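Q: could you look at this predicted model? Sequence included:
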Amino acid sequence: MATDSWAQAVDVQEATTVPVQFDFSRKNDRMEFSRRVRGEINGNIVPNKTENGGRRDEGDRPDLAEQSLLNKMIRHTLVKNRNLVEVLQRDPTSPLYSVKTFEELRLKPQLLQGVYNMGFNRPSRIQENALPMMLAEPPQNLIAQSQSGTGKTAAFSLAMLSHVNPANKWTQCLCISPTYELAMQIGQVIQQMGKFYPEVKLAYAIRGNKMDRGSKLQEQIVIGTPGTVLDWCTKLKLIDPKKITVFVLDEADVMIATQGHQDQSIRIQRLLPKDCQMLLFSATFEDSVWKFAERIVPDPNIIKLKREEETVDTIKQFYASCNDKEDKFTALCNLYGSLTIAQAMIFCHTRKIASWLTAQLTKEGHLVALLSGEMTVEQRAAVIERFRCGKEKVLVTTNVCSRGIDVEQVSIVVNFDLPVDKDGRADCETYLHRIGRTGRFGKKGFAINMVDSPHSMNIIKQIEDHFNRKILKLNTDDLDEVEKLIN
Ligand SMILES: Nc1ncnc2c1ncn2[C@@H]1O[C@H](COP(=O)(O)OP(=O)(O)OP(=O)(O)O)[C@@H](O)[C@H]1O
């Protein structure tokens, strides 16, 4: 590992700094800041990735940080999970506490009020175990993994707010997050939860939030991205890292996927006192995340909540035999009436095809919405919101939409292009994400796969073998048959 790659990353970050001062407690300033940093002036869409031949256009692969932000923006409620929480205690002989109510946590009354004011009646599954651990005395370190929307952010926000001493006018809790947008989202949760505890102040250590060297911050909680936090601790000396008592690293999986962030995070962690409480959260836990987590969090307790498994068992799967792209389009037009009885998602391989298909369908007079990687996260969130409340019936999209977003009401999925990996073989995992349902919803669904070559027919065979389920032929010219099968 290059010893100074973090320093290089800091330099790059600084070079792109926007030399404007914003007040981040004001919504308008935050929005303006977000627009300027992204170069979106006057609301025009500025493609945020290379237009041609870029990584995105090959298959419109989701950017993890964007995906995560999108999840946060469209999530209004807790994701319920019936799977059991797995807890590995550092000291297996000590009693394992779990709570069923927020009262049991003996929170400060202002915080309890804040929690209830957010509409939380009881702790979520992961919070039941994580909160007692995080609030224990002496402090315990924690590594926690559970899917997006299960209540991790709310949990560590409450832990930080509980730990600070508002009488001390220096930074006591430090939270790092992969992007400034994600940091802002966390800040909003803390502000909401701490609404009745105004003595506790919050600062954002994010790109563009220029500070003068030397003066010490008075805010008790600082949330930021690794580069700027490191800067504030070392170069600018705004924070005394030795006075930090709680360190939170959120979205560890996204963090390690971002160049330089891993080194920067480790650098920050090394500045902290040995008895500082270390908390790390992640939605997924591959080996690389695990290795990173162990470097950041010594002697951890570990909490894992498995994702509910998706299955194709309740899905009726079909394929439509076509000659080429235009023929697939004609087949889709024939199907359109059946699609709009319920709600449908149409998946394309690239955003170029998705745009083409949307334009063609619109030209034919069909109402469709497009969701693709060239849109800003805010625009994507707005489209998903409209689709969710039924204002849009048919959504054309690429892989950006296939992961992480539970669009439960979708009953028909059309694979205009079959999901393939980089070697051109069936990508069964993506197929499952596109058409799968969790057992909990158990709702019936339909998947229609467009086949336009012997190669794509072969992919159908691979998918059939993988899931051990037959994919039946659908004659899209015989509308009566289609209606009968789908309805
Ligand atoms: N105990 C609770 N009761 C009801 N709602 C809750 C509770 N805890 C969190 N929520 C709500 O559930 C949603 C998801 O929570 P939160 O953002 O904390 O999850 P997360 O696991 O951090 O997910 P992400 O990483 O996507 O933010 C939020 O809208 C939050 O306000």
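A: Received it, and whenever you're ready, just let me know what you need.

Q: so stretch 74-86, near the ligand or not?
A: Yes - applying C-beta under 6 Å from any ligand atom, one finds stretch 74-86 touching the ligand at Arg75, His76, Thr77, Leu78. In short, each C-beta sits where N, CA and C put it, glycine included.

Q: and that stretch, what's its mean pLDDT?
A: Throughout stretch 74-86, pLDDT has a mean value of 77.

Q: which bits of this structure sit near the ligand?
A: Proximity of the chain to the ligand, by C-beta under 6 Å from any ligand atom, involves residues 71-72, 75-78, 118, 120, 123-124, 127, 148-154.

Q: list buried residues within these.
A: For those, a neighbour count by 16 or more other C-beta atoms under 10 Å gives the buried set as 71-72, 120, 123-124, 127, 148-154.

Q: need the contact partners of the host helix or strand of Asn458.
A: Element membership for Asn458, per DSSP states H and E: helix 454-467. The contact list for helix 454-467 (C-beta atoms under 8 Å, 6 or more residues apart in numbering) reads 312, 319, 321, 418, 420, 424-426, 428, 431-432, 449-451, 470-471.

Q: go through these and name the one nearest the ligand.
A: Leu432 (20.8 Å; C-beta to the nearest ligand atom).

Q: secondary structure class of the closest one, three-state.
A: Put simply, Leu432 is helix when judged by DSSP: H, G, I helix; E, B strand; the rest coil.

Q: ditto for Met345
A: Judged by three-state DSSP, the three-state class of Met345 is strand.

Q: which residues are in contact with it?
A: By C-beta under 8 Å, 6+ apart, the contact list for Met345 reads Val394, Leu395, Val396, Thr397, Cys401, Val407, Val410, Ile412, Val413, Val414, Arg434.

Q: you'd agree the second one is in a strand?
A: Yes - Leu395 sits within a strand when classified using three-state DSSP.

Q: for it, give me the pLDDT.
A: Leu395 carries a pLDDT value of 90.

Q: if any of the contacts of helix 454-467 are buried, put those into a ChimeraX selection.
A: Restricted to buried positions by 16+ other C-beta under 10 Å, the ChimeraX selection for the contacts of helix 454-467 reads:
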select :312,319,321,418,420,426,428,431,432,449,450,451,471
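
Q: tell me which of the contacts of helix 454-467 fall in helices.
A: Secondary structure defined by DSSP state H assigns Cys428, Tyr431, Leu432 of the contacts of helix 454-467 to helices.

Q: just checking, the second one touches Asp421?
A: Yep, that's Tyr431 we're talking about. No - checked against C-beta atoms under 8 Å, the pair Tyr431 and Asp421 is beyond contact range at 10.8 Å.

Q: continuing past the helix holding Asn458, what's the next helix or strand?
A: Taking DSSP H and E, what comes next after helix 454-467 is strand 472-473.

Q: distance from the chain centre to that following strand, please.
A: Centre-to-centre, strand 472-473 and its host chain are 35 Å apart (C-alpha atoms, centre = their mean, to the nearest Å).

Q: now the helix or strand just after that strand: average pLDDT?
A: Downstream of strand 472-473, the next assigned helix or strand under DSSP H and E is helix 479-486. Taken as a whole, helix 479-486 carries a mean pLDDT of 72.

Q: against which helices or strands is helix 479-486 packed?
A: Contacts defined by 3 or more C-beta pairs under 8 Å, 6 or more residues apart in numbering; DSSP states H and E place helix 479-486 against helix 325-339.

Q: how about the helix it packs on: buried residues?
A: Burial within helix 325-339, assessed by neighbour count using 16+ other C-beta under 10 Å, is assigned to Lys328, Phe329, Ala331, Leu332, Asn334, Leu335, Tyr336, Ser338, Leu339.

Q: the ligand versus Ile266, what's the distance?
A: Here Ile266 is placed at a distance of 22 Å from the ligand (C-beta to the nearest ligand atom, to the nearest Å).

Q: ok, Leu367 next?
A: 30 Å.

Q: show the pLDDT at that residue.
A: 88.

Q: residue contacts, it?
A: By C-beta under 8 Å, 6+ apart, the contact list for Leu367 reads Thr340, Glu392, Lys393, Val394.
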